[in-house]
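Participant: Below are the sequence and a predicted model for it; my questions follow.
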Amino acid sequence: MPRREEMTIPGLVQVLPWGEHLTEKGRFVLDADSMAEVIAEFEGRAADMVVDYEHQTLSGGEAPAAGWITRLLNRGERGLWAEVRWTPRAEEYLRNREYRYLSPVFIKRAGDDRVVRLVNVALTNQPAIDAMEAVVNKGALPPDTGKEEEMPEKDEKEEGTSPEDVPGFICEALGLACGAARPEVLGTIAAMRQAYERIGEVSARAEALATKLAERAAQELVELAMKEGKVAPGQRDWAVEYAGRDREGFRTFVAKAPVVVPLGEVVRGGRVEVGGEYAAQAEVNAALGITREIFSKFGKR
């Protein structure tokens, strides 16, 4: 075991573990989105964040600082980490292993329990979060080089991969924080695909409804034109197709077309009754655009 004076207190420590966790005070989730929000809020502060002893800052009494957080880091599936400047007293406690863990105080979103803000952190020996990494391990402490540790490589067979496996431009395109883990990226893509498919279904239904409404509007235009005597019963199918294809063109046709079915004649069941009698010739005349007067003058022998 190294001599005590050779031990170095780490300046980079975990303040929140990655993933979903259940504690005595409830559930919380830390993912790429929540880490990005926490870091953004922290970087908007003017002052460093305090690390105290046993949350004494929250009690309102005397609360000496154990250290100061100067920077927060997104370390992917290793969670949210912090660069800390420890006080000499805190370093002595840690060196003697009188304190070994950190206990974060944070605010989570009510809807999905995602962490959105880090309030402060305290040294404690009874962390509420079992997954927290110890500030001081049981064995000898490695020397602190002042650089962030390398992310350990994962076995290719292990589920998920390290954040480096996801190109930065993909995370940016998906609106995810830089360093998002592969499961987060795949989940986001799956959600987007589901939303796209849902939009396609809604669009298809809307198109079908629009088609039905257009057909109904065309039929109503044709019914009105038939009442005005501008369209004969034999022209109905043609008129409906025309009105459905070019509604404004059909309206122009109706406005300029002559009356082919005299208003005194009644249309019933696709037949024209003239003076109360069925007249097949009248239907033929209407289809050909021959008025009753012309037929009466030239058509009868």
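Facilitator: It's in. Numbers count the residues shown, from 1 in each chain.
Participant: Going along the chain, name the strands of the stretch 201-301 of the chain.
Facilitator: Using DSSP state E, counting those that start in this stretch, the strands of the stretch 201-301 of the chain run over 266-268, 271-274, 277-278.
Participant: The ones you listed: lowest mean pLDDT?
Facilitator: Lowest mean pLDDT of these: strand 277-278, a mean of 40.
Participant: pLDDT below threshold where in the protein?
Facilitator: Along the chain, segments meeting pLDDT under 70 span 1-7, 137-169, 172, 176-180, 184, 198, 261-288, 292, 295-301.
Participant: for it, which residue is closest to the average position?
Facilitator: M192 (6.7 Å; Cα atoms, centre = their mean).
Participant: List the contacts of that one.
Facilitator: M192 sits next to L174 when contact means Cβ atoms under 8 Å, 6 or more residues apart in numbering. In short, each C-beta sits where N, CA and C put it, glycine included.
Participant: isn't there a helix covering it?
Facilitator: Yes: looking at M192 with DSSP: H, G, I helix; E, B strand; the rest coil, it is inside a helix.
Participant: and it, how far is that from R205?
Facilitator: Separation of M192 from R205 (Cβ to Cβ, to the nearest Å) stands at 21 Å.
Participant: Show me where the stretch 1-150 of the chain has its helices.
Facilitator: 32-43, 56-59, 88-95 (DSSP state H, counting those that start in this stretch).
Participant: so can I have CSV of the ones you listed showing distance to E228 and mean neighbour count?
Facilitator: Output for the helices of the stretch 1-150 of the chain, formatted as CSV (distance: least, Cβ to Cβ, whole Å; neighbours: other Cβ atoms under 10 Å):
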stretch, distance to E228, mean neighbour count
helix 32-43, 64, 18
helix 56-59, 83, 15
helix 88-95, 94, 16
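Participant: mind checking which of these is nearest L12?
Facilitator: Among the helices of the stretch 1-150 of the chain, helix 88-95 comes nearest to L12, with 13.5 Å by Cβ to Cβ.
Participant: so what does the closest one touch, helix or strand wise?
Facilitator: strand 65-74, strand 115-124 (3 or more Cβ pairs under 8 Å, 6 or more residues apart in numbering; DSSP states H and E).
Participant: Show me which positions of the first one end up buried.
Facilitator: To tie it back to what came earlier, the one meant is strand 65-74. When burial is assessed from 16 or more other Cβ atoms under 10 Å, strand 65-74 yields the following buried residues: 65-69, 72-74.
Participant: who touches that strand?
Facilitator: By Cβ under 8 Å, 6+ apart, the residues outside strand 65-74 that reach it are 12, 15, 32, 35-36, 38-39, 42-43, 48-53, 80-87, 89-90, 93, 99, 118, 121-123, 148, 177-179.
Participant: Emit the ChimeraX select command for whichever of those residues are buried.
Facilitator: In ChimeraX, this line selects whichever of the contacts of strand 65-74 come out buried by 16+ other Cβ under 10 Å:
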select :12,15,32,35,36,38,39,42,48,49,50,51,52,53,80,81,82,83,84,86,90,93,99,118,121,122,123,177,179
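Participant: measure stretch 173-181 end to end?
Facilitator: Across stretch 173-181, the terminal residues are separated by 15 Å (Cα to Cα, to the nearest Å).
Participant: Would you check that T188 makes contact with L174?
Facilitator: Yes: T188 lies in contact with L174 (Cβ atoms under 8 Å); the separation is 5.1 Å.
Participant: Nearest to Q235, out of the buried residues of strand 65-74: which one, please.
Facilitator: Distances from Q235 to these, taken by Cβ to Cβ, are shortest for N74, at 72.2 Å.
Participant: As a markdown table, the helices and strands packed on helix 88-95 with distance to E215 would be great.
Facilitator: Converted to a markdown table, those look like this (distance: least, Cβ to Cβ, whole Å):
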| stretch | distance to E215 |
| --- | --- |
| strand 65-74 | 56 |
| strand 115-124 | 52 |
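Participant: quick one: G76 and W18 touch, right?
Facilitator: Yes: counting by Cβ under 8 Å, G76 touches W18, with 7.2 Å between them.
Participant: okay, and the common contacts of these two?
Facilitator: Between them, G76 and W18 share these contacting residues under Cβ under 8 Å, 6+ apart: A181.
Participant: before we move on, the earlier item: so which of the helices of the stretch 1-150 of the chain gets nearest D130?
Facilitator: Across those, closest to D130 is helix 32-43 (Cβ to Cβ), at 19.3 Å.
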